[in-house]
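Asker: My questions concern the predicted model and sequence given below.
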Amino acid sequence: MISTFEIFKIIIGIIIAGFFLFFAVKFLVVLAPQQTQNIEVAELKSIKNTIEKTLVYGISQNLTVRSEIEYFPPYISRKNNVRIDGSVPFFLNDGNLLYVYPNSLDLGFWKMGWVGVLPETKVIYNLLTFSPEAYKTILEITEQFPDSSEPSITFGLCGGETEYTSNTKTNFLKPIRGIVEANQSYQIQGFNYAQCTKQIPNSIKVTIADTEIDTDGILVIHENNGGKVKLAGNKMLVYKDGLDIFSVILGGEQIYNYKNEIQFSQLSVFLKKEIERMDLLRKVYSNPQYRTPDCIGLLATAKPNLENLKTLVEITAANDNYNTKDEMDLFGELVSILNENYNQLESKGCS
């Protein structure tokens, strides 16, 4: 028989074991969310580091993540305070397998590098007109996306119930680039340029038209030097380049404003320095030893245009006003004029 003392020891042992088990369970309950958050923060910081390295080294990379991303630029995740440096523009869509790639916004005389972060993506264009300008709009939007097969980034056209899809960006753009370069209208044989009625799951639908219509997805109304983008809910934004439309596709008005805030901020700094450089070049070319009349005249022509653009950019940035049609039309005109100025400077060896 078990003695009373041995029974007492068994009871005390059970009580002590239960005591430690209770606190162990309590500790694990507290620790588990912390452990999960630590893993999530580590993954988000990995994305941050990859974005920054991609911008510096220009090498595309793949990332596998498990964390749910809350995208509030410049935050990758505001709740975990994972922030990208304000001078590094990036555009992100959530997914498990992400493709991180470098790209740039090229205004001709000035270029801004940026980074895209995309999961598997399918973009379907509903082309309601087959003018060269409409095809150019498709070209400008598609060039913002990467040429990736893992995760797959694919593109297609839809009209009525007909869908044409290409497996790569390069293959999709070959005929479209030819149409744009030839600057001639081209209608695909057997393709119906009507509103897309076919259900294409897991795709981004972009309708290209020359007038405002009711449609689901994103509506792009192309005009000279840009146009307008219509979001769900009838919000209309002005676009000046393909990156404006790309930012709207990925994140609506918030990402559009983020893109333009960085663009106008960096452009303002460049223009200030460029005006100073123009003054220095004019002094050099005015020196009898290096006197070049052609360069002096071309620099004198370019400087006021730089100053006009600088004034417009500073006013726009100060008011966070990137969506005024008249101002953005003027922006496009000044950019075109400066590109011509810089082409002349380069051709004469003055730049």
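Answerer: That came through, no problem. Residues are numbered from 1 along each chain as shown.

Asker: Select the helix or strand of this protein having the lowest average pLDDT value.
Answerer: Least confident helix or strand, the chain: helix 4-57 with a mean of 65, by mean pLDDT, DSSP states H and E.

Asker: chain center to the following helix or strand past that one, what's the gap?
Answerer: Note on helix 4-57: by DSSP states H and E, the next helix or strand toward the C-terminus is strand 61-64. Relative to the centre of its chain, strand 61-64 is centred 18 Å away, using CA atoms, centre = their mean, to the nearest Å.

Asker: Tell me the neighbouring strands of strand 61-64, and mark each as parallel or antiparallel.
Answerer: Partners of strand 61-64 in the sheet, by DSSP bridges, are strand 97-106 (antiparallel).

Asker: List the buried residues of the partner strand.
Answerer: When burial is assessed from 16 or more other CB atoms under 10 Å, strand 97-106 yields the following buried residues: 98, 99, 100, 101, 102, 103, 105. No exception for glycine: its C-beta is placed from N, CA and C like everyone else's.

Asker: Quickly list what the third one is bridged to.
Answerer: It refers to residue 100. Beta-bridge partners of residue 100, as defined by DSSP bridges: residue 61, residue 117.

Asker: Could you report the pLDDT at it?
Answerer: With respect to pLDDT, residue 100 scores 97.

Asker: Could you export the buried residues of strand 97-106 to CSV, including columns for distance to residue 230?
Answerer: As requested, the buried residues of strand 97-106 are exported to CSV (distance: CB to CB, whole Å):
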residue, distance to residue 230
98, 28
99, 28
100, 29
101, 28
102, 29
103, 24
105, 22
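
Asker: ok, now how distant is residue 160 from residue 190?
Answerer: Separation of residue 160 from residue 190 (CB to CB, to the nearest Å): 11 Å.

Asker: same deal with residue 83?
Answerer: 51 Å.

Asker: what's the nearest residue to residue 159 if we skip its chain neighbours?
Answerer: Excluding the flanking residues, the one nearest residue 159 by CB to CB, 6 or more residues apart in numbering is residue 192, at 4.1 Å.

Asker: and if you look at residue 217?
Answerer: Nearest non-adjacent residue to residue 217, counting by CB to CB, 6+ apart: residue 205, 3.3 Å away.

Asker: residues touching the one you found, list them.
Answerer: Neighbouring residues of residue 205 by CB atoms under 8 Å, 6 or more residues apart in numbering: 124, 126, 158, 196, 215, 216, 217, 218.

Asker: Bridging across strands, which residues link to it?
Answerer: residue 124.

Asker: what about the strands in the chain?
Answerer: Using DSSP state E, the strands of the chain run over 61-64, 75-77, 82-83, 90-92, 97-106, 111-118, 121-127, 153-159, 162-166, 204-209, 218-223, 226-230, 236-239.

Asker: okay if I get these as CSV plus distance to residue 317?
Answerer: Shown next, in CSV, are the strands of the chain (distance: least, CB to CB, whole Å):
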stretch, distance to residue 317
strand 61-64, 32
strand 75-77, 21
strand 82-83, 21
strand 90-92, 20
strand 97-106, 16
strand 111-118, 14
strand 121-127, 30
strand 153-159, 32
strand 162-166, 39
strand 204-209, 28
strand 218-223, 24
strand 226-230, 18
strand 236-239, 15
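
Asker: Cheers, nothing more for now.
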